[in-house]
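>>> Sequence and predicted model, in that order:
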Amino acid sequence: MKVDIIGDVHGCYAELLALIRKLDYTFENHLPIHKDGRKLAFVGDLTDRGPHSIKVIEFIYDLVKNNLAFYTPGNHCNKLYRYFLGNKVQISHGLETTDAEFKSLPTKRQKEVRKNFMVLYEGAPLYLQLDDGNLIIAHAGIREDYIGLTDNKVKTFVLYGDITGEKMPDGRPVRRDWAKHYQGKKTIVYGHTPVREVRVINNTYNIDTGCVFGGKLSALKYPEMEIVQVPSSMPFVPEKFSEFD
Ligand SMILES: [Mn+2]
């Protein structure tokens with residue numbers, strides 16, 4: 001099982017293609033193929049804030065359909081799914097860019113994009129268990145004792161992290177540093193909280209290096225555990241990066 005796990009894309013389509021090329025995939029009919037049969041995997045949060053959320057949705061839908069990638073959703077994916085269901089969701093925290101892109105499409109394309117995203121989302125597990133369960137890919141991470149479970153408390157943890165329910169002065173939720181206390185043998189790869197450099201602690205890897213906030217888009221090669229990155233084309237927003245160490 002050889003997989004290249006990619007962090008939160010958030011509509012950064014150009015960086016995604018650049019990263020996949022840097023990982024030595026070649027494009028055949030717009031699909032990335034690796035000569036060693038490697039596959040891609042995504043930690044979720046494909047859309048919102050960046051310039052090309054719709055292209056990212058369509059691309060990853062095609063990858064998963066063609067058995068070239070694994071995908072597990074993030075909180076932005078969950079919100080977009082509820083938006084496509086017709087639920088009342090606030091068009092904020094980045095959804096406004098995806099909403100604007102979506103509304104600019106002709107009705108026929110809107111129907112296709114909506115259907116494809118819903119198929120992608122509904123077919124995805126809450127978190128991925130790969131390599132005979134030795135590799136867990138979960139959007140905001142997962143506690144060791146939650147692995148194997150999918151109830152609501154697990155869903156909240158996987159999508160939002162170890163939140164306390166409190167908010168910081170800037171409105172961001174207060175999150176506990178679950179990775180610091182993780183003692184499991186399974187490797188956990190996650191994203192959700194932007195960090196300036198890939199954070200490796202206790203067999204956990206945070207690979208969200210804040211591409212949409214001007215950081216980098218990162219991939220973790222498994223089982224080699226090598227990091228491959230491309231720079232972002234977006235303006236750097238330092239206050240969006242976590243201070244965990
Ligand atoms: Mn997220």
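Alright, I've got the coordinates. Numbers count the residues shown, from 1 in each chain.
>>> Let's see the pLDDT reported for the nearest residue to L220 once chain neighbours are set aside.
Counting by C-beta to C-beta, 6 or more residues apart in numbering, L220 lies nearest to I5, which is 4.7 Å off, once chain neighbours are set aside. For every residue, glycine as well, the C-beta is placed using N, CA and C. I5 is assigned 99 on the pLDDT scale.
>>> Can you give the contact residues for the helix or strand hosting I5?
Assigned by DSSP states H and E, I5 belongs to strand 3-6. For strand 3-6, contacts defined as C-beta atoms under 8 Å, 6 or more residues apart in numbering pick out 16, 19, 23, 34, 38-43, 70, 130-131, 135, 137, 189, 207, 217-222, 228.
>>> cool, stretch 230-238 as well?
Residues external to stretch 230-238 that are found in contact with it (C-beta under 8 Å, 6+ apart): 12, 14-15, 18-19, 22, 50, 210-217.
>>> Which residue ranges of the chain form strands?
For the chain, strands defined by DSSP state E occupy the ranges 3-6, 25-28, 31-34, 39-42, 69-71, 128-130, 135-137, 163-167, 173-175, 187-190, 199-201, 204-206, 216-222, 226-231.
>>> Show me which pair in the contacts of stretch 230-238 is furthest apart.
Farthest pair in the contacts of stretch 230-238 (C-beta to C-beta) is K22 and F213. Separation: 20.3 Å.
>>> Do you know the pLDDT at the residue nearest the centre of the chain?
Geometric centre of the chain, nearest residue: G44, 2.4 Å, by C-alpha atoms, centre = their mean. Per-residue pLDDT puts G44 at 98.
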